[in-house]
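Engineer: what follows is a predicted protein model with its sequence.
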Amino acid sequence: MSKAIVMYLVSHASGELVEMLARNSIAQLEDLEVKRRLWKMVRRLDQLGDILSTIASEPGYVLHSISHSDVRGALEEGCRQLGVPCHYALEPLVSRLSEYSGAPVETHNSSGDAFDEDYYRRVEAMKFTLSHDDGLESEHLEGADVVLVGVSRTTKTPTCMYLASRGIKAANVPLVPGTPPPPALLQAKEPLIVGLTVTPGRLAMVRAARLRDLNDDGNSEYADLECLRKEVLEARRLFIQRGWPVIDATQRSIEQTASLIIEMLRKRAGNGT
């Protein structure tokens, strides 16, 4: 039986290098089906939001050729937070050549693009979102612009990544069956808190696919339809009880969900026109 993976190729130029390496590597592996996604000319930090959002929605293997330390560091840290492998295409060749020749590795400190206020706002938003993903730092939510809450696999992480690419500090907190929400979430006053939900049927499909990817057959309740109905119902009850707005992401793309949240933020700030 063949194995299927997703491979994400991120290039600072035309993408020929990462495509060539991926193609030749895959050819040497038996019974491997690979779905590839390529991003070209990735040279700015504000491009990473869409990339990390896509990776978060369908985790896979990341191969990149980004040499500028700011963009490379943010991409690799984002992948680390998402728990996906991220490989620099020229390693270990560069370090071994440096060791052999005695020539130091030249570090490209920045992408060289003009830095303005909006740029730094997006950078700070991305840093905040990465450090507050999936319940991390859930005791410190007051610095967020928005907090997304929902059961597992309701597109919280990719939506947050997309929002961060727009300069919005987004955190997300998962609801775990049998575990009360973090007190800091219930006490938060400053951020907009939004409940995300999907239908139990859709959730069962997504979670079952996730279990297959992980080769996990022992977590039967995670994708059980009856268990999911209870999870979704309990989550909705919490949203209603707390007066949090709810977005059903079942038939919505990440961009559509994020647009609704951005509109909520505008109205909340009194700029709904």
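Structural biologist: Happy to help now that I have it. Residues are numbered from 1 along each chain as shown.

Engineer: list the beta-bridge partners for the spatially closest residue to L192 that is not a sequence neighbour.
Structural biologist: With sequence-adjacent residues excluded and distances taken as Cβ to Cβ, 6 or more residues apart in numbering, L192 is closest to V146, at 4.6 Å. For every residue, glycine as well, the C-beta is placed using N, CA and C. Using DSSP bridges, the bridge partners assigned to V146 are A170, L192.

Engineer: residues of the longest helix seen in the chain that come out buried?
Structural biologist: Ordering each helix of the chain by length in residues (DSSP state H) puts helix 225-242 first. Buried positions in helix 225-242, judged by neighbour count with 16 or more other Cβ atoms under 10 Å: 227-228, 231-232, 235, 238-239.

Engineer: other SSEs contacting that helix?
Structural biologist: On a contact count with 3 or more Cβ pairs under 8 Å, 6 or more residues apart in numbering; DSSP states H and E, helix 225-242 meets strand 146-150, strand 192-197, helix 200-214, strand 246-248.

Engineer: can you rerun that using 6 Å?
Structural biologist: helix 200-214 (3 or more Cβ pairs under 6 Å, 6 or more residues apart in numbering; DSSP states H and E).

Engineer: what residues does the helix it packs on touch?
Structural biologist: With contacts defined as Cβ atoms under 6 Å, 6 or more residues apart in numbering, helix 200-214 is touched by 153, 222-223, 225, 228-229, 232, 250.

Engineer: could I get these as a markdown table with pLDDT?
Structural biologist: Shown next, in a markdown table, are the contacts of helix 200-214 (pLDDT from 0 to 100):
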| residue | pLDDT |
| --- | --- |
| R153 | 92 |
| Y222 | 88 |
| A223 | 87 |
| L225 | 92 |
| L228 | 95 |
| R229 | 96 |
| V232 | 96 |
| T250 | 95 |
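
Engineer: what is the nearest of the residues you listed to T197?
Structural biologist: Ranked by distance to T197 (Cβ to Cβ), the contacts of helix 200-214 are led by V232 at 6.0 Å.

Engineer: quick one, grab the pLDDT at the residue lying closest to that closest one once chain neighbours are set aside.
Structural biologist: Counting by Cβ to Cβ, 6+ apart, V232 lies nearest to P200, which is 5.3 Å off, once chain neighbours are set aside. You'll see P200 listed with a pLDDT of 95.

Engineer: then the one 4 residues further on?
Structural biologist: Here the pLDDT value assigned to A204 is 92.

Engineer: swap in G112?
Structural biologist: At G112, the model reports a pLDDT of 51.

Engineer: how about M1?
Structural biologist: Value for M1, per-residue pLDDT: 59.

Engineer: same question, the one 4 residues further on
Structural biologist: Per-residue confidence (pLDDT) for I5: 92.

Engineer: tell me which residues in the helix or strand containing it are buried?
Structural biologist: Per DSSP states H and E, I5 falls inside strand 3-10. Using 16+ other Cβ under 10 Å as the test for burial, strand 3-10 gives 6-10.

Engineer: could you check the angle the helix or strand hosting A258 makes with strand 192-197?
Structural biologist: Here A258, judged by DSSP H and E, is contained in helix 254-268. In terms of direction (axes from the mean of the first three to the mean of the last three Cα atoms, to 10 degrees), helix 254-268 departs from strand 192-197 by 150 degrees.

Engineer: off-centre distance for helix 254-268?
Structural biologist: In terms of Cα atoms, centre = their mean, to the nearest Å, the centre of helix 254-268 is found 17 Å from the chain centre.

Engineer: if you count contacts, what does it end up packed against?
Structural biologist: With contacts defined as 3+ Cβ pairs under 6 Å, 6+ apart, helix 254-268 has these neighbours: helix 156-165, strand 192-197.

Engineer: repeat the analysis, applying 10 Å as the threshold.
Structural biologist: Packing partners of helix 254-268 (3 or more Cβ pairs under 10 Å, 6 or more residues apart in numbering; DSSP states H and E): helix 48-57, strand 146-150, helix 156-165, strand 192-197, strand 246-248.
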